[in-house]
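**Q** here is the input, now give the coordinates:
(4 chains)
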Protein chains: 4
Amino acid sequence: MSTAVPQSEPATVQYVEVTAPRVHNLHHVEILTPRIEESLDFFTRILGLVEAGREGGSVYLRGFGEWSAHTTILTESGRAGLGHMAWQVAERDQVEGWRRRLEQRGHEVQRLPAGTERGQGDAIRFRTPAGHAMELFYDFERCAPREPSRLLNQPERYLAGGVGVRRLDHINLTAADVDRTRDWLAGELGFRLREAARNPDGSDIGVWMSVTSQVHDIAVMADGAGEAGRLHHVGYSVDTPEGILRAADMFAEEGIAFDAGPGKHGLTQAFFLYVFEPGGNRIELFSGGYAIHDPDWQPVIWKGEDIGRAVVWYGAPLPESFFTVAT
Amino acid sequence: MSTAVPQSEPATVQYVEVTAPRVHNLHHVEILTPRIEESLDFFTRILGLVEAGREGGSVYLRGFGEWSAHTTILTESGRAGLGHMAWQVAERDQVEGWRRRLEQRGHEVQRLPAGTERGQGDAIRFRTPAGHAMELFYDFERCAPREPSRLLNQPERYLAGGVGVRRLDHINLTAADVDRTRDWLAGELGFRLREAARNPDGSDIGVWMSVTSQVHDIAVMADGAGEAGRLHHVGYSVDTPEGILRAADMFAEEGIAFDAGPGKHGLTQAFFLYVFEPGGNRIELFSGGYAIHDPDWQPVIWKGEDIGRAVVWYGAPLPESFFTVAT
Amino acid sequence: MSTAVPQSEPATVQYVEVTAPRVHNLHHVEILTPRIEESLDFFTRILGLVEAGREGGSVYLRGFGEWSAHTTILTESGRAGLGHMAWQVAERDQVEGWRRRLEQRGHEVQRLPAGTERGQGDAIRFRTPAGHAMELFYDFERCAPREPSRLLNQPERYLAGGVGVRRLDHINLTAADVDRTRDWLAGELGFRLREAARNPDGSDIGVWMSVTSQVHDIAVMADGAGEAGRLHHVGYSVDTPEGILRAADMFAEEGIAFDAGPGKHGLTQAFFLYVFEPGGNRIELFSGGYAIHDPDWQPVIWKGEDIGRAVVWYGAPLPESFFTVAT
Amino acid sequence: MSTAVPQSEPATVQYVEVTAPRVHNLHHVEILTPRIEESLDFFTRILGLVEAGREGGSVYLRGFGEWSAHTTILTESGRAGLGHMAWQVAERDQVEGWRRRLEQRGHEVQRLPAGTERGQGDAIRFRTPAGHAMELFYDFERCAPREPSRLLNQPERYLAGGVGVRRLDHINLTAADVDRTRDWLAGELGFRLREAARNPDGSDIGVWMSVTSQVHDIAVMADGAGEAGRLHHVGYSVDTPEGILRAADMFAEEGIAFDAGPGKHGLTQAFFLYVFEPGGNRIELFSGGYAIHDPDWQPVIWKGEDIGRAVVWYGAPLPESFFTVAT
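**A** Take a look at the predicted model:
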């Protein structure tokens, strides 16, 4: 499968380039909300995302450090939850390759020609075994900065409006069968297992996986209610832990509902703060963590008495809601 | 070349996996020093690296967040400078692939069988056109933590000895011909150009390139003296800007020679501090920067009046030494 | 001589100098511990206090930013708790003045001639109505820095050993009758009420008082068990909230028992972390708060539904132990 | 009534209450600007001060943590500079006492009845020997918060608009004769010398003095041009060094003129950033420093080779402008 140097083949470029197929990076998430105006106020005035446009029942947003036209979509809905998540692939013609690959492996794949979704090129859509809608694409519209930064490597000025989240960081889902979802993400899309919390019977309570150097681009945790397709939280990146403390001050002033934190997980080494946005979805502000550049990373497995430290390295115990509420 | 989906081929895994060949990550650097004991004191007591062993005229070191046996080698020498730098490749059998590829493209490559260098598996060695020794390998000895962390995802306890650098971050070299080195790194090893400072004539003053999501794993800047094979600095990662301010306090107490900073470059958005270790090599403490996950990154080119902001976004002008001293 | 009112001058000068008599600043605390070696390890290796000497069953300590020979005394004892606290007065001859004043007001006062306690000049000793031993003095031995800082305004080098607390910050006591203790501290010693948590019946649950610009030098909270003379915690000053997060990392590695935090109280605006030192006493790391320079400060009273925010502005609810455990 | 010495009681009480007369705290500054609209934009949108009103050619401002109606006055003028500075005294009837005292000592004092200046009670006005206008008063109008904080101990919500300076911190003046001004501030108003930079001939280059626990409420530095009544800078307090780095990012985006920093002075241990507001006055953002609670503080004198560290502990050399430009 993934070995790279067929001994008998001619000495071509392929000798050094073949690695396991994997998607390239988390690009955007669509969040459903029954209270779109309040949610929008939270994401823009408080978190500091930039509004990039509205269309139908959706509002399009991005962080000050993101070059794409948008990376968060708020969509009005009768319920909170995940509309879909979308991943970018490494090269343009891989979109078609992924379609063939997934169909050959028995998955149902829908084609979304360029323009079907705002800003997005040719894409495909399918579902994880846990029921979450997922899209893959390569081309995406570049942002038109509202106030271009004098830093050429940053699209928008950082004018310290609200929390000032830099970018979308990761997504955390729940699944009735964590192991199956883990194996599917690894086998079908190339996600690497970075860390896991494991039961004594060998099954996983939660898994943290990535295709980038982030310790996780996606996490899957056991769904307490055994339901399908639910969202635990969407994580946004804040530059420093102190930035998260500033955010906590603002949330407290605004009366935003805290779920957990500020605190630090042992697992992923995240300095975290979880709140519920007005639509009911859990949002994480994330800082810290650690980068994985090693090609030979050994998954870190927390089990038995270590699990307590995985969940809370420092800070208070997580509240019951953290383990029961998903959207 | 790099396109991924040969239309006529069978629908195999390859459809989604072929990307431009590139090395995987910076693994270690060997730093030459004429004052090894003083250098060692700087790297261990002050920077907080862990000593992993001594052998011959070398001392082997690593940061508290690094899983390899060592990532910095201090080697006694009549002069300061770079011994060599070493890059890990994505898979074990790519080492041999890279050897064939480089030799086919006309480069002189030396084989270093496993064990030739402490802790390192089969490797190859060659030189950049600017004269810097470079090695590629996959296998490396894992660290035996001195004081294992209770965080399973971190090898050594963070006990706040000295600055507490987490890991080696990047290397910055000088070259008489920056453009040629840039093209060589891109064409031969797959480095992507992330940012550049460009002359009016279109040649580059400096280039910042990476194979990971870091804005740079390697940089190459014009060598003021036109010399070959010189080192501008080695960069270590500190978790937060405040950690760099703490470091500045310690350096001032210890009488360490500051070169520049603390300050922030526009280019790379680095919050930086440069000092000279006792052996004479420039060392950077680096925090911040930004991650690049976009597969379609457009290199950021600073030129004309923007160059001032590239060099110093905030903080004082860089001293003359920054542009003239390399080792 | 340092008094300001030449007795022969007209009384007009007094118009600008007379203020309510008050002690000047918290100087040191004596903490009792049944496990002195473990406690010493905690205060020196982990908190980073400097050991200034041992004598009898006591060890003498100070922070890197303190000019006195010592400000924390650990004394071996069959139980944890407060030995005594000591306050410096504004001028040398006020020690005798305070003695006369307190005796005139009916309090029992003990004279402690210079040298009775290590490093301390002429002093007096008495008890608060809640049973805590308190001393007043002016003269105290200056520190002999172990490693003098190159900063002339700082006695010891900051070499980042452990947490690196700068200095003793405040003391927090419990009392069976908070109101009575509050009135006594204000009336007898000049403490000003800065903030209070108040019951619906007008009595105070806790009071935060100071004689300096700090929001509190001393606090008194209701003793859950109705006992006398107990200590809730001793607070040490850390320069920044991030310094407290670093401390939390170290405490977690060391297996130190957390009580509460990191988090932020609304009351005092403290960014806090409470742990139990090995002897069983609660220790707070404190950063932030706010300075009071206004001569006409209006005490801030938290009551009713505001009390929740007073206790926790952000972070998790305080554990039961916070309200029940004192030493 | 607030005096503490019932005239009929025996003199013993005085033993504990008499201290050198001194003013109580810096209350506000009036800054002259030839470009009031641009200055106002700087102080409000960028620094984050709250506008409290306009009257005549003046705009009245305060920080989010200040209880007075205003603490910074911007006044339109043909030139930049200091209008006046005003100090609060410890008790109401001391205003009259200070008047008598100053007149008895030969100074010219002007009475400003309550209401002469917006928000201010009975006051007196006089000049320092270096020509700076100074006022003393006790009563001042309390702020009417625009958006009251849910923290009862903080008047305005911290909503992270701009830099978010908490409060006015200190004032720094220039004088042709530093020694004379130092002695006058100490002898007439009770300022204590905390630190000084001293010439080999024993005269002072600069002095840092306070009446509070701050290391300086006022500083006086040699006026390079030998002029009278000039302002070096006004300092505002930012909660953390990281807050100053955020400010530097915002200033760089806005194209604000940096003078010096970010960096750290040895003298006062200030983490500093100096910029010129659009009217031409130098403004410092200040964080850190250290508190002085010791009643027996020994002034810290920097001279000879230590002066370099006093000026810059870490960071780049101060620019020429720092030593030549005053307003």
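
**Q** and the one helix or strand A:A310 maps to, what does it pack against?
**A** In this assignment (DSSP states H and E), A:A310 forms part of helix A:307-311. Applying 3 or more C-beta pairs under 8 Å, 6 or more residues apart in numbering or on different chains; DSSP states H and E, one finds that helix A:307-311 contacts strand A:192-198. In this view, the C-beta of every residue, glycine as well, is placed from N, C-alpha and C.

**Q** the next helix-or-strand element following the strand it packs on to strand A:192-198, inter-axis angle?
**A** With elements assigned by DSSP H and E, the helix or strand that comes after strand A:192-198 is strand A:204-210. Strand A:204-210 runs at 160 degrees relative to strand A:192-198, counting by axes from the mean of the first three to the mean of the last three C-alpha atoms, to 10 degrees.

**Q** now do strand A:204-210: distance to the chain's middle.
**A** When C-alpha coordinates are averaged (C-alpha atoms, centre = their mean, to the nearest Å), strand A:204-210 and its chain have centres 13 Å apart.

**Q** show me what that strand is packed against.
**A** Looks like strand A:204-210 contacts helix A:178-189, strand A:192-198, strand A:218-222 (3+ C-beta pairs under 8 Å, 6+ apart).

**Q** mean neighbour count, the ones you listed: which tops it?
**A** strand A:218-222 (a mean of 25; mean count of other C-beta atoms under 10 Å in any protein chain shown).

**Q** that one close to chain B?
**A** No. Strand A:218-222 lies out of reach of chain B by C-beta under 8 Å from any C-beta of the partner chain, never closer than 13.1 Å.

**Q** picking up where we left off before, CA atoms of the helix holding A:A310 as PDB?
**A** The C-alpha coordinates for helix A:307-311 follow below in PDB (Å, rounded to 0.1, in the frame of the first residue of the first chain):
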ATOM      1  CA  ILE A 307      -7.500   9.300  31.700                       C
ATOM      2  CA  GLY A 308      -8.200  11.800  34.400                       C
ATOM      3  CA  ARG A 309      -5.100  13.700  33.400                       C
ATOM      4  CA  ALA A 310      -6.100  13.400  29.700                       C
ATOM      5  CA  VAL A 311      -9.400  15.100  30.400                       C
END
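
**Q** now do the strands in the stretch 51-200 of chain A.
**A** In the stretch 51-200 of chain A, the strands defined using DSSP state E, counting those that start in this stretch lie at A:58-62, A:72-76, A:81-88, A:110-112, A:123-127, A:133-137, A:167-175, A:192-198.

**Q** elements contacting the second one?
**A** Right, the one you point to is strand A:72-76. On a contact count with 3+ C-beta pairs under 8 Å, 6+ apart, strand A:72-76 meets strand A:25-33, helix A:36-41, strand A:58-62.

**Q** and chain D, which of the ones you listed is closest to it?
**A** For chain D, the closest of the helices and strands packed on strand A:72-76 is helix A:36-41, at 13.0 Å, according to C-beta to the nearest C-beta.

**Q** pretty sure A:R79 sits against A:R35.
**A** No. Using C-beta atoms under 8 Å as the test, A:R79 is too far from A:R35 to be in contact (11.0 Å).

**Q** tell me which of these two has more neighbours.
**A** A:R35 (15 against 10; other C-beta atoms under 10 Å in any protein chain shown).

**Q** for the more buried one, list the residues it contacts.
**A** A:278-280 (C-beta atoms under 8 Å, 6 or more residues apart in numbering or on different chains).

**Q** for A:Q214, name its beta-bridge partners.
**A** A:A291 (DSSP bridges).

**Q** does chain B sit close to the lengthiest helix in chain A?
**A** Scanning chain A for the helix with the most residues, using DSSP state H, yields helix A:241-254. Yes. Using C-beta under 8 Å from any C-beta, helix A:241-254 comes into contact with chain B via A:241-242.

**Q** in the stretch 101-250 of chain A, what residue comes closest to chain C?
**A** For the stretch 101-250 of chain A, C-beta to the nearest C-beta, closest residue to chain C: A:A248, 3.9 Å.

**Q** burial count for that residue?
**A** 23.

**Q** hang on, it packs against C:V312?
**A** No. Using C-beta under 8 Å, A:A248 is not in contact with C:V312, being 10.8 Å away.

**Q** what residue ranges in the stretch 1-150 of chain A score low on pLDDT?
**A** A:1-20 (pLDDT under 70).

**Q** circling back to that earlier point, joint contacts of A:A248 and C:V312?
**A** C:K264.

**Q** tell me, how many residues neighbour the closest residue in space to A:Q110 that isn't next to it in sequence?
**A** Nearest residue to A:Q110 in three dimensions, chain neighbours excluded: A:R125, at 4.4 Å (C-beta to C-beta, 6 or more residues apart in numbering or on different chains). Using other C-beta under 10 Å, A:R125 is surrounded by 19 other residues.

**Q** sorry, back to before: which residues touch the residue of the stretch 101-250 of chain A closest to chain C?
**A** With C-beta under 8 Å, 6+ apart, A:A248 has these contacts: A:258, A:261-262, A:273, C:264, C:314-315.

**Q** about what we covered before: quick check: buried residues in the helix holding A:A310?
**A** By 16 or more other C-beta atoms under 10 Å in any protein chain shown, the buried positions in helix A:307-311 come out as A:307, A:309-311.

**Q** then stretch A:46-56?
**A** Buried, per 16+ other C-beta under 10 Å, within stretch A:46-56: A:46-50, A:52.

**Q** can you give the contact residues for the helix holding A:A310?
**A** With C-beta under 8 Å, 6+ apart, helix A:307-311 has contacts from A:195, A:197, A:205, A:265-267, A:302, A:318, B:150-152, C:252.

**Q** for those residues, which one is nearest B:L185?
**A** Closest to B:L185 out of the contacts of helix A:307-311 is A:E195 (32.7 Å), distances taken as C-beta to C-beta.

**Q** the closest one reaches A:W208, doesn't it?
**A** Yes. Shown here, A:E195 and A:W208 form a contact pair, counting by C-beta under 8 Å, at 4.4 Å.

**Q** hey, what's in contact with both of those two?
**A** With C-beta under 8 Å, 6+ apart, A:E195 and A:W208 have common neighbours A:215-216, A:267-268.

**Q** contact partners for the nearest residue to A:V29 once chain neighbours are set aside?
**A** Nearest non-adjacent residue to A:V29, counting by C-beta to C-beta, 6+ apart: A:M85, 4.9 Å away. In this structure, A:M85 makes contact with A:26, A:28-30, A:132-135, A:171, judged by C-beta under 8 Å, 6+ apart.

**Q** could you redo the last one with a cut-off of 6 Å?
**A** A:29, A:134, A:171 (C-beta atoms under 6 Å, 6 or more residues apart in numbering or on different chains).
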